[in-house]
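> predicted model follows, preceded by the sequence.
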Amino acid sequence: MSPVKIVVIAVLLYFGYRLLVSDWNKKKENRTEDSSQNNLDEGPVADVLIEDPICHKLVPKQQAIRLKSQTQDKIVYFCSEECCNIFVRQEGENK
């Protein structure tokens with residue numbers, strides 16, 4: 001076997017090795033990303049979104065303004081004081 005053939009074979013083997021290693025690293029990165037996404041999906045729910053009855057925005061329940069409705073006998077949640085005041089005015093008009 002001539003020295004040129006040995007060099008060509010060595011270069012081809014080197015490039016083949018680099019392709020395999022880079023492909024293996026990409027697959028490994030994808031597996032770790034998938035597992036981290038699964039961990040996020042399986043965690044407990046920190047808060048529940050509720051809808052403001054006035055402006056229909058979704059607000060985390062823990063951050064919402066709470067008001068007990070006198071006509072509906074239930075707790076109503078609002079995104080802001082403004083929406084709460086509008087609801088109180090509307091509720092007063094309906095009496």
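Received it, and whenever you're ready, just let me know what you need. Numbering: from 1, shown residues only.

> contacts and neighbour counts: CA atoms only from here.
OK.

> just list whatever residues bridge to Leu58.
Glu51 (DSSP bridges).

> ok, it - contacts?
Applying C-alpha atoms under 8 Å, 6 or more residues apart in numbering to Leu58 gives the contacts 49-52, 79.

> and the gap between it and Ala10?
63 Å (C-alpha to C-alpha, to the nearest Å).

> helices of this structure, residue ranges please.
3-42, 81-94 (DSSP state H).

> number of nearby residues for the residue nearest to Cys55 when sequence neighbours are not counted?
When the adjacent residues along the chain are set aside, Cys55 lies closest to Cys83, with 7.1 Å between them (C-alpha to C-alpha, 6 or more residues apart in numbering). Residues lying near Cys83 (other C-alpha atoms under 10 Å) number 18.

> where in this protein is the helix or strand with the lowest mean pLDDT?
For the chain, using mean pLDDT, DSSP states H and E, the weakest element among its helices and strands is helix 3-42, scoring a mean of 77.

> could I get the buried residue list for that helix?
Of the residues in helix 3-42, none count as buried by neighbour count, 16 or more other C-alpha atoms under 10 Å.

> so which of the helices of the chain gets nearest Gln72?
Proximity to Gln72 (C-alpha to C-alpha) singles out helix 81-94 among the helices of the chain, at 9.7 Å.

> got the buried residues for the closest one?
Quick answer for helix 81-94 (16+ other C-alpha under 10 Å): 83-84, 87.

> what's the answer for stretch 69-83, then?
Here stretch 69-83 shows 76-79, 83 as buried, counting by 16+ other C-alpha under 10 Å.
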